[in-house]
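1. Sequence first, predicted model second:
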Amino acid sequence: MTADFWQQAIRGFPKPFDPWANPAGCTFDEATANRVCAYWEKTYTLKDGKFAGLPFKLEPWQRKIVGHLFGWKRPDGTRRFRVLFLYVPKKNGKTQLGAGLGLTLLHADGEAGAEVFSCASNVDQAKIVFDAAVQMVANNTGLSKKIRVYKGYRALEYTQRKCYWKVLSSRAESKHGPNVHGLLIDELHTQRDNELIETLEAGTVSRAQPLIIKMTTADHTGETPCNTELEYARGVRDGTIEDPYYMPIIFDGQDRDSRDANAWKDPDFWRAVNPNFGITVGDEFFAREVRKCGVNPSHLLTFKRLHLDIQTDVVSQWLDYDAWMACGKTGIEKTGPCYAALDLASSTDITAMALYWPETKSLSVRTWVPEATAERRAEYVLWRKAGAIEVTDGAIAGYAHIRAAVNQAAKDHDLHGVAYDPWNATHLVSELADEDEVEMTEFRQGFITMNAPSKAFERLVIGGELRHENNPCLNWMAKNVAVKSDPANNIKPIKPALNSTKKIDGIVAAIMAIGLANADRAEPQPTGPMVVTI
C-alpha cells in the first residue's frame with residue numbers, strides 16, 4: 001500500500017478514526033504495516049460459507065486496522081495501540097478478523113511465552129473466534145507444523161516460543177493470575193458486569209506490549225459495560241478524551257436513527273453502517289430482514305441492534321394497534337376444539353380467562369375485578385356498564401366466579417385444556433370444586449415458555465387472521481402491552497413500566513391459550529398434563 005493509503009483515516013460511521021490526529025510521539029512504520037498485511041493474506045484463510053478455505057483478502061477498512069495496529073511504534077519500539085474497540089454489526093467479518101489478530105499475537109508478534117485468551121459471556125461464544133483460528137491453522141501447512149491444536153482443552157500452542165491461546169469461560173473468580181499478552185473479548189454487549197474484563201485487563205500489566213481487543217455489536221440501552229466502553233471510544237474518536245493508545249473503530253447507526261425513524265429502511269444507510277456490505281452481507285439479506293420487520297414488528301428491535309448498531313430498549317411498545325383493531329369482529333365462530341388460559345391476579349387486581357378456537361382463530365376474553373378496585377377507576381365503571389368487565393363482590397378477587405366460568409366453558413365448548421401460571425394459582429387449583437374433569441397445564445411466564453406463543457400471537461394480529469370480540473377492556477390492554485427481550489432475542493409481554501397501573505392480563509391469557517393450542521396440536525406430550533377435578 002502507498003503512503004497516501006496509510007495516511008487516510010480508518011473508516012467508521014458516522015465518523016472515521018484518524019490515528020494521525022494525536023500520535024503522542026509515536027511513529028508509523030509503513031514497511032511493517034505492509035509486511036504484516038502481506039503475511040496475513042498469504043497465511044490466513046476464511047472459514048465459512050462461499051469464502052471457506054479462501055485466502056483472507058483484507059478489505060481496505062480491515063487492512064487499515066491491521067496495518068495501523070502493528071505499524072505504529074512508541075519511542076521504545078513497542079506497539080503504540082493497547083486497545084482495539086471494534087463496534088460493528090453482525091455479518092461483517094469480525095470473527096475472522098479477531099481470529100487473525102489472535103493468531104498474529106500468538107506466533108508472529110516476537111513475544112516469547114505469549115499468553116492469548118479469548119472470552120465472552122459463555123464458552124460457546126468465546127469458542128467462535130477460537131474455532132475460526134483453529135481452521136486457519138488446519139488450512140495452512142506452515143502453521144500446522146508449528147502450532148498444535150488441543151481441541152479438548154480449547155487451546156493452541158506455539159511450541160517454538162512456548163506461547164499459547166486459551167478459551168476462558170465467564171467465571172471471573174478462576175481468572176486471577178494470567179499474564180496476558182493478548183485478550184480477545186467477543187460480543188462485549190453480552191457482559192452484564194465488568195468483573196471478568198477488569199480481572200483479565202489487570203493481567204496485562206507485566207507485558208511489554210499487550211493488546212486488548214473488544215469486539216461487539218450494539219447493546220440494549222442502559223448502563224452496561226458495552227455502552228460505557230462505547231461512550232469512551234466515541235470520546236477518543238472525537239478528541240474529547242485524550243488516549244493516543246486506544247483505537248476506536250465505530251460503525252454506529254444511533255444518530256441517524258434518532259433523526260430519522262425510517263432510516264432502517266434506507267439501503268444507503270445499510271451500506272454506510274456495514275463496512276463489508278456487498279461482500280459478506282448484501283441487499284438480499286437486508287431486504288428480507290426489512291420484510292420480516294413488516295410482518296413481525298418485534299423483530300425490528302433485533303434488526304436495528306444487530307445489523308445497524310442501534311441501541312434499543314429492552315422493553316418497547318409491542319402491538320400494532322390499528323392491526324389489532326382490524327381483527328375486532330361483532331361475532332366470532334366458537335367452533336371446534338377450544339383452549340383456555342387463566343392469568344390470575346393478586347387479590348385486588350384483574351383476573352382474565354381467555355378462550356381460543358384454533359380452527360377459526362377466534363378469541364374470547366373475560367375479565368374480573370373486585371368491587372373495591374372497580375370503583376377506583378373510571379374505565380372500570382364504564383366497562384362494567386357495557387358488560388366488558390365483570391365485578392366480583394368485596395375487596396379481593398372472587399375465585400368462585402372463575403371456577404364457575406371454567407366449568408361453564410367445559411360444558412359449552414369442546415374444551416381441551418386450561419393453561420395457568422402457577423404464580424398465583426396454587427389456592428385456586430387446590431380448591432377447585434368437584435364438578436367436571438378439566439386438564440390443567442402449568443404455563444410459566446418466562447422467556448422460554450412465552451417466546452413462541454407471543455410471536456405466534458403477533459403473527460396472527462399482523463396478518464389479520466385473529467378474530468376477537470372488540471371488547472373495549474381487551475382493546476385497552478392491547479394498547480398497553482409492551483414486549484421485553486432477553487439476550488437470545490426471546491420475547492415476552494410485560495406492562496409498559498414496573499409500577500404501571502395499565503393492565504395486560506387479558507393479552508397474557510390470550511397468548512397462553514394460543515401457546516397451549518399450538519403445543520397440543522403440533523406434538524402431543526408423552527405424558528399428559530395434570531388432571532384436576534373441578
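-> Ah, there it is.
2. Report the contact partners of Asp414.
-> Gly336, Pro337, Cys338 (C-beta atoms under 8 Å, 6 or more residues apart in numbering). Just so you know, the C-beta spots here come from the backbone N, C-alpha and C atoms, and that holds for glycine as well.
3. ok, now with 6 Å
-> With contacts defined as C-beta atoms under 6 Å, 6 or more residues apart in numbering, the neighbours of Asp414 are Pro337, Cys338.
4. per-residue confidence for Gln254?
-> As predicted, Gln254 sits at a pLDDT of 94.
5. what's the answer for Phe285, then?
-> On pLDDT, Phe285 comes in at 94.
6. again with the one 3 residues further on
-> Looking at Arg288, its pLDDT is 93.
7. tally of neighbours for Ser48?
-> Careful, residue 48 is Asp and not Ser. Asp48 has 13 neighbouring residues, counting by other C-beta atoms under 10 Å.
8. Buried residues of stretch 16-26, list them for me.
-> Buried residues in stretch 16-26, counted by 16 or more other C-beta atoms under 10 Å: Pro16, Phe17, Pro19, Cys26.
9. The third one contacts His68, doesn't it?
-> Just to be clear, that refers to Pro19. Yes. Using C-beta atoms under 6 Å, Pro19 is in contact with His68, at 5.1 Å.
10. residues of stretch 380-389 that come out buried?
-> Neighbour-count burial for stretch 380-389 flags Tyr380, Trp383, Arg384, Ala388, Ile389 (criterion: 16+ other C-beta under 10 Å).
11. Distance from the chain centre to it, please.
-> Its chain's C-alpha centre lies 40 Å from the corresponding centre of stretch 380-389 when counted by C-alpha atoms, centre = their mean, to the nearest Å.
12. What of stretch 54-65?
-> Worked out by C-alpha atoms, centre = their mean, stretch 54-65 lies 28 Å from the chain centre.
13. Please work out the average pLDDT along it.
-> For stretch 54-65, the mean confidence score works out to 96.
14. Please write out the alpha-carbon positions of that stretch in CSV.
-> The C-alpha trace of stretch 54-65 is given here as CSV (Å, rounded to 0.1, in the frame of the first residue of the first chain):
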residue,chain,number,x,y,z
LEU,A,54,-10.0,-19.0,0.5
PRO,A,55,-7.2,-16.6,1.4
PHE,A,56,-8.1,-13.9,3.8
LYS,A,57,-8.0,-10.9,1.5
LEU,A,58,-8.3,-7.8,3.7
GLU,A,59,-10.8,-5.2,2.7
PRO,A,60,-9.5,-1.6,2.9
TRP,A,61,-11.1,-0.9,6.3
GLN,A,62,-9.7,-4.2,7.7
ARG,A,63,-6.3,-3.6,6.2
LYS,A,64,-6.1,-0.2,7.9
ILE,A,65,-7.0,-1.7,11.2
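15. Give me the number of neighbouring residues for Tyr246.
-> Tyr246 has 19 neighbours, counted by other C-beta under 10 Å.
16. quick one: low-confidence ranges for the stretch 51-200 of the chain?
-> Low-confidence segments of the stretch 51-200 of the chain, defined by pLDDT under 70: 169-177.
17. let's go with 90 and repeat that
-> Scanning the stretch 51-200 of the chain with the threshold set as pLDDT under 90 gives 51-53, 110-111, 120-126, 151-153, 168-179, 190-200.
18. Which residue ranges of it form strands?
-> Along the stretch 51-200 of the chain, counting by DSSP state E, counting those that start in this stretch, strands occupy 72-73, 83-87, 115-119, 147-150, 155-158, 163-168, 182-186.
19. Could you chop the chain up by domain?
-> 14-252, 261-312, 321-533 (automatic domain parsing).
20. Go through those and name the closest to Asp4.
-> The closest of the domains of the chain to Asp4 is domain 14-252. By C-beta to C-beta, the value is 10.7 Å.
21. All set, thanks.
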